[in-house]
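> Need a 3D model of the following:
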Amino acid sequence: MRIAVAADHAGYRLKSVVASHLAATGHEVIDLGTGSEEPVDYPAFCAAAGRAVVRGDADLGIVMGGSGQGEAIAANKVHGVRAALCLDELTARLARQHNDANVLSLGGRIVADAFALTIVDLFLATPYEGGRHQARLEQLADIEQEECGF
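Numbers count the residues shown, from 1 in each chain. Down below sits the predicted model:
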């Protein structure tokens, strides 16, 4: 699977851990920055990950910051992204099963490395259920279209 990863300075360390784990488990990692703990603003990095997913350059994305909140918000500004902040296994599973989330957001100052990898693995392995959830995704897409002026 091709996974786009991106982080600001607060998520950089976790991004390194996640990227190494992904590569070691056979995934193709598309690292969209940042490349250090030097302070940077997260919106452009997270938008780049979201755009990679929407364009089809990546199958899924993972964005990381201090809390993961702003990173999810930034990724969700990209038309077609469904980013979910997941801080435990249940939210990761439901984000994929019910919402077909295509970008995972993690807080490097919130979630320990080992647990973050558990969340990542579960997010990647969980399929979208479709069925009763599809109508809701279509409603979300309609709202997105309305807000974009289309």
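> what's the distance between the helix or strand bottoming out on mean pLDDT in the chain and the middle of its chain?
The weakest-scoring helix or strand in the chain, judged by mean pLDDT, DSSP states H and E, is helix 134-147 (a mean of 93). The chain centroid and the centroid of helix 134-147 are separated by 19 Å under Cα atoms, centre = their mean, to the nearest Å.
> For that helix, C-alpha coordinates in CSV please.
In CSV, the C-alpha atoms belonging to helix 134-147 read as follows (Å, rounded to 0.1, in the frame of the first residue of the first chain):
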residue,chain,number,x,y,z
GLN,A,134,-22.7,4.8,2.2
ALA,A,135,-25.7,7.2,2.3
ARG,A,136,-24.1,9.2,5.0
LEU,A,137,-20.8,9.5,3.0
GLU,A,138,-22.9,10.6,0.0
GLN,A,139,-24.5,13.3,2.1
LEU,A,140,-21.1,14.5,3.3
ALA,A,141,-19.9,14.6,-0.3
ASP,A,142,-23.0,16.7,-1.2
ILE,A,143,-22.3,19.2,1.6
GLU,A,144,-18.6,19.4,0.4
GLN,A,145,-19.8,20.2,-3.1
GLU,A,146,-22.2,22.8,-1.9
GLU,A,147,-19.5,24.5,0.2
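> Other residues contacting it?
His79, Gly80, Arg82, His98, Asn99, Asp100 (Cβ atoms under 8 Å, 6 or more residues apart in numbering). From N, CA and C alone the C-beta is placed, and that goes for glycine too.
> 7 Å - rerun?
Residues outside helix 134-147 that contact it (Cβ atoms under 7 Å, 6 or more residues apart in numbering): His79, Asp100.
> cool, and stretch 28-37?
By Cβ under 7 Å, 6+ apart, stretch 28-37 touches 2-9, 12-13, 19, 22-23, 40, 45, 48-49, 52, 57-58.
> What average pLDDT does it get?
Computed over stretch 28-37, the mean pLDDT rounds to 98.
> next one: that stretch to chain centre, how far?
13 Å.
> One more: stretch 130-137?
Here stretch 130-137 is found 20 Å from its chain centre; the criterion is Cα atoms, centre = their mean.
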